[in-house]
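Enquirer: after the sequence you'll find the predicted model.
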Amino acid sequence: ASARTPLIAGDMLATARPSVDQDQRGKCLNSSQAGRLLRKAMCTWNNNIREEERIAYVEALREHLENALREDDQRALRSVLRKIVAALSAPRAQVGRDGLFLDPMDDAAVLRIEQALQSKLRKLAVQCFEKLDLEDSRSAPVV
């Protein structure tokens with residue numbers, strides 16, 4: 001009988017069996033750990049980094065990415081990509097049939113556009129994907 005592990009996702013309490021797989025090299029992979037790391041990165045971006053600090057945070061991600069690329073460090077690439085993915089946001093304004101926005105953008109949305117953080121984050125993500133070993137099963141959770 002397999003023990004069940006409680007997982008907290010947002011406001012919901014769920015129970016799931018630990019998900020441990022083995023890759024081709026015999027290394028154990030724990031997908032719940034990868035999920036926790038992604039949720040932690042999302043919480044950091046959404047709750048711990050104020051709007052005015054986000055430019056510096058994205059710049060720090062760029063520097064970490066440059067170091068990971070220079071050293072060809074797959075673990076660091078996965079870490080940077082996880083933080084980039086956590087910071088990416090879905091489009092906020094809905095477009096109507098006539099091409100006009102249905103809801104006006106708030107001040108925070110205007111600031112985000114002016115800073116072009118989402119564009120910078122997408123460019124960083126592309127750079128990660130160009131060098132990330134997608135055959136490595138440890139890359140799958142963040143992809």
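Expert: Perfect, thanks for sending it.
Enquirer: tell me which helix or strand of this protein sits lowest on mean pLDDT?
Expert: strand 12-16 (a mean of 30; mean pLDDT, DSSP states H and E).
Enquirer: which SS class is E135?
Expert: Of the three states, E135 takes coil under DSSP: H, G, I helix; E, B strand; the rest coil.
Enquirer: what separates it from V143, distance-wise?
Expert: Going from E135 to V143 by CB to CB, to the nearest Å gives 11 Å. (Each C-beta comes from the backbone N, C-alpha and C, glycine too.)
Enquirer: swap in E63?
Expert: Distance, E63 to V143, using CB to CB: 23 Å.
Enquirer: again, but for V58
Expert: Applying CB to CB to V58 and V143 gives a distance of 20 Å.
Enquirer: excluding residues flanking it in the chain, which one is nearest R122?
Expert: In this structure, R122 finds its nearest non-sequential neighbour in L88, 7.1 Å apart by CB to CB, 6 or more residues apart in numbering.
Enquirer: helices along this protein, start to end?
Expert: 31-43, 54-71, 74-87, 107-115, 117-131 (DSSP state H).
Enquirer: show me the shaky parts of this protein.
Expert: For the chain, applying pLDDT under 70 flags the ranges 1-31, 90-105, 109, 112, 114.
Enquirer: in contact with L134, which residues?
Expert: For L134, the contacting residues are V143, by CB atoms under 8 Å, 6 or more residues apart in numbering.
Enquirer: quick check: chain neighbours aside, which residue is closest to V143?
Expert: L134 (6.6 Å).
Enquirer: buried residues in stretch 63-82?
Expert: H64, L65, A68, L69, A76, L77, R78, S79, V80, L81, R82 (16 or more other CB atoms under 10 Å).
Enquirer: what lies in contact with it?
Expert: Against stretch 63-82 from outside (CB under 8 Å, 6+ apart): 37-38, 41, 61, 124-125, 127-129, 131-133, 136, 138-139, 142.
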